[in-house]
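1. with the input below, show me the fold.
(2 chains, ligands or ions: 2)
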Amino acid sequence: MDLFAKLINDISRLWANYKLAYLGGMWSTLKLAVIATVIGVVIGLACGIVNTIPCGKNDPMPKRILLGVVRFLVRAYVEIFRGTPMVLQAVFIYYGLPYFSNNTMRFDNIWTAAILIVSINTGAYMAESVRGGIISVDPGQTEGAKAIGMTHFQTMIHVILPQAFRNIIPQIGNNFIINIKDTSVMFIIGFTEFFAFHRYITGVNNMYFPSAAIEMVGYLTMTVIASMLLRLLEKILDGSDNYELVNEDQLVMAAGTYTHPDRGTPFDEHHKPSRDEVIQDVKLRKQQREARWARARNESTRGDR
Amino acid sequence: MADTILEIRHLSKSFGSHEVLRDIDFTVSKGDVTAIIGASGSGKSTLLRCVNLLETPTSGEILFHGKDVTGRGVNAPEYRSHVGMVFQSFNLFNNMSVLKNCMVGQMKVLKKSKAEARETALRYLQQVGMAPYINAKPRQLSGGQKQRVAIARALAMGPEVLLFDEPTSALDPEMVGEVLAVMQDLASQGMTMLVVTHEMAFARDVSTQVVYMNQGVICEQGPPTEVLGNPQKQETRDFLARFRKN
Ligand SMILES: Nc1ncnc2c1ncn2[C@@H]1O[C@H](COP(=O)(O)OP(=O)(O)OP(=O)(O)O)[C@@H](O)[C@H]1O
Ligand SMILES: [Mg+2]
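-> Ligands and ions are numbered 1, 2, ... in the order given. Model prediction:
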């Protein structure tokens, strides 16, 4: 019991002294995670789209070659950034840029470097998720869109991607939560996020355990809130489980002053033909067509003789 | 003939070495209701999908108002916007409301204004009796309702010919009637339709032309009274006899 009392005492002392540092660190962590996740998702969408462009034997050669090259690059990008530790990528890119440009180029702003590294890392993971999300949309949706004359691009934008996006929200959420935690490795290039402050503060006072406790609670708070917000987003995108029936009078009013070009024709909803009328009409038209058929047949048989 | 809309000439289609359609020939004139019947696997769906260029024919021609649409330089989406298609599995856009389903093509493909698209969509939804459901999502509708919305969506594009691939086969028996009634209604308004169906009553009473397919070829075609009432080929007779038994 004494130990708990001591811990609480230590934590409150730490908090009192370094509240601003901890909160500032959390803020940086959140900002970096949000921005990098958003950019990463955009990169992932772009890669996923490139990977699902249909391309067959009938397409022109230049298109096939271009697509082949781009797909190879995407593949390489995904493998490299999924297959190496982010902490190493951070070092590699942060120090690689000045090294290769003979110090003419460097990251002046640590934020630029951190956002770049975390984004391309997230993008590599999202590329495969997006591809899976697109493939998992029922092919009937594409056919339905094609059948009303939509181009591949229109089909993607209006029909497939909205559904694919909905399908991959859990993965986006996963990546976001991973980013909240894993941005902690960015201390390696001197980016001061939440965990970096733990290192500074304990470096001064050696209160490792109390500070770690604060960090644990801090990270958990951020990730739990993130999960809840993502659930909410899913709910919003799914829309209401119910729908309102609209009565027809309202629709006629909503249709405004538009005058129906079809008034008086069978399309005119003010004149609802009775079933008998419809059947009568069907029969009449059928007779006319059959007469035409008979005539056509007579003509063709005459032609044969 | 001036009012010929579609002319299928020597159409063949193979998947690899499997020849699914062989030398298909037929003509669709304005106002025709063509029923395509035949056993499962005889290539009916493939034929319809070729007509809509969802499949690329291996050889042969499809003339739309006299112009071949199977060539390389053809703008397939543009052509498809004149040829509506209704699928067995509805294929309504799951991410849109009923109303949006019927508007999106008009706005994006035909570049109509939102107000105009809404107006047209409502008109056709009213025609198929689905206007009260404009705010519903497809997953909230019954099969028959979905299919009626799908028909309205196709009609809203103002197509010259409508293709139906077994529009009632995925429906519970009590919902078949409501969809057939809509189709009958369309036929009576002079809509040109090409209907793959197992509904012999529909073929007999509504269609003006019946095409019987067997193993990838057209075995017999003509007015329903002839093909269904007085079939000339033994295969047709067998098929119809099998059907009556079921
Ligand atoms: N994409 C495809 N690849 C390979 N074979 C296919 C493909 N689509 C259809 N087939 C084959 O083509 C043949 C005809 O199929 P199709 O779907 O056109 O028949 P159907 O007459 O519509 O049958 P059903 O009444 O069962 O719908 C079948 O043997 C089928 O296996
Ligand atoms: Mg079929």
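2. show the pLDDT at B:Val227.
-> If you check B:Val227, the pLDDT there is 92.
3. likewise B:Met96?
-> On pLDDT, B:Met96 comes in at 94.
4. again with the one 4 residues further on
-> The per-residue pLDDT reported for B:Lys100 equals 96.
5. check contacts around it.
-> B:Lys100 makes contact with B:Phe93, according to CB atoms under 8 Å, 6 or more residues apart in numbering or on different chains. All C-beta spots, glycine's among them, are computed from the backbone N, C-alpha and C.
6. which element is it on?
-> Element membership for B:Lys100 (DSSP states H and E) is helix B:98-108.
7. show me what counts as buried in the least confident helix or strand in chain B by mean pLDDT.
-> The helix or strand of chain B with the lowest confidence, counting by mean pLDDT, DSSP states H and E, is helix B:234-245 at a mean of 86. For helix B:234-245, the neighbour count (16 or more other CB atoms under 10 Å in any protein chain shown) marks B:235-236, B:239-240 as buried.
8. what's the answer for stretch A:24-42, then?
-> Quick answer for stretch A:24-42 (16+ other CB under 10 Å): A:25-26, A:28-30, A:32-33, A:35-37, A:39-41.
9. next: stretch A:72-82.
-> For stretch A:72-82, a neighbour-count test (16+ other CB under 10 Å) marks A:74, A:77-78, A:81 as buried.
10. show me which of those residues is closest to B:Arg118.
-> Among those, A:Val74 lies closest to B:Arg118 (CB to CB), at 40.0 Å.
11. give the contact list for that closest one.
-> Listed by CB under 8 Å, 6+ apart, the contact set of A:Val74 reads A:47, A:50-51, A:127.
12. the same query, at a cut-off of 10 Å, please.
-> Applying CB atoms under 10 Å, 6 or more residues apart in numbering or on different chains, we find A:Val74 in contact with A:43, A:46-48, A:50-51, A:123-124, A:127, A:131.
13. could I get those as JSON lines with neighbour count?
-> Listed next are these as JSON lines, based on neighbours: other CB atoms under 10 Å in any protein chain shown:
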{"residue": "A:Ile43", "neighbour count": "22"}
{"residue": "A:Ala46", "neighbour count": "15"}
{"residue": "A:Cys47", "neighbour count": "24"}
{"residue": "A:Gly48", "neighbour count": "24"}
{"residue": "A:Val50", "neighbour count": "15"}
{"residue": "A:Asn51", "neighbour count": "19"}
{"residue": "A:Gly123", "neighbour count": "26"}
{"residue": "A:Ala124", "neighbour count": "23"}
{"residue": "A:Ala127", "neighbour count": "26"}
{"residue": "A:Arg131", "neighbour count": "21"}
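14. need those in TSV with pLDDT, distance to chain B and secondary structure, can you?
-> TSV is the format used below for the contacts of A:Val74 (pLDDT from 0 to 100; distance: CB to the nearest CB, whole Å; DSSP: H, G, I helix; E, B strand; the rest coil):
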residue	pLDDT	distance to chain B	secondary structure
A:Ile43	96	23	helix
A:Ala46	92	20	helix
A:Cys47	92	22	helix
A:Gly48	89	17	helix
A:Val50	88	21	helix
A:Asn51	87	21	helix
A:Gly123	95	24	helix
A:Ala124	94	27	helix
A:Ala127	93	22	helix
A:Arg131	91	19	helix
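15. what pLDDT does residue 85 get?
-> By default, I'm working from chain A. pLDDT at A:Pro85 comes out at 94.
16. nope, chain B please
-> On pLDDT, B:Met85 comes in at 96.
17. in terms of helices and strands, where is it?
-> Using DSSP H and E, B:Met85 maps to strand B:83-86.
18. is that strand up against ligand 1 anywhere?
-> No. Judged by CB under 6 Å from any ligand atom, strand B:83-86 makes no contact with ligand 1; its nearest approach is 13.7 Å.
19. please list the residues of chain B that sit near ligand 1.
-> Counting by CB under 6 Å from any ligand atom, the positions of chain B adjacent to ligand 1 are B:15, B:18, B:20, B:38, B:40-46.
20. mind redoing it with 5 Å?
-> Chain B comes close to ligand 1 at residues B:15, B:20, B:40-46, as judged by CB under 5 Å from any ligand atom.
21. so which of these belong to helices?
-> B:44-46 (DSSP state H).
22. same list (these) but as a markdown table, adding pLDDT.
-> Listed next are these as a markdown table, based on pLDDT from 0 to 100:
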| residue | pLDDT |
| --- | --- |
| B:Lys44 | 95 |
| B:Ser45 | 95 |
| B:Thr46 | 95 |
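23. which one (most neighbours) among these?
-> B:Lys44 (23 neighbours; other CB atoms under 10 Å in any protein chain shown).
24. quick check: chain neighbours aside, which residue is closest to that one?
-> Once flanking residues are discounted, B:Lys44 sits nearest to B:Val196: 4.4 Å by CB to CB, 6 or more residues apart in numbering or on different chains.
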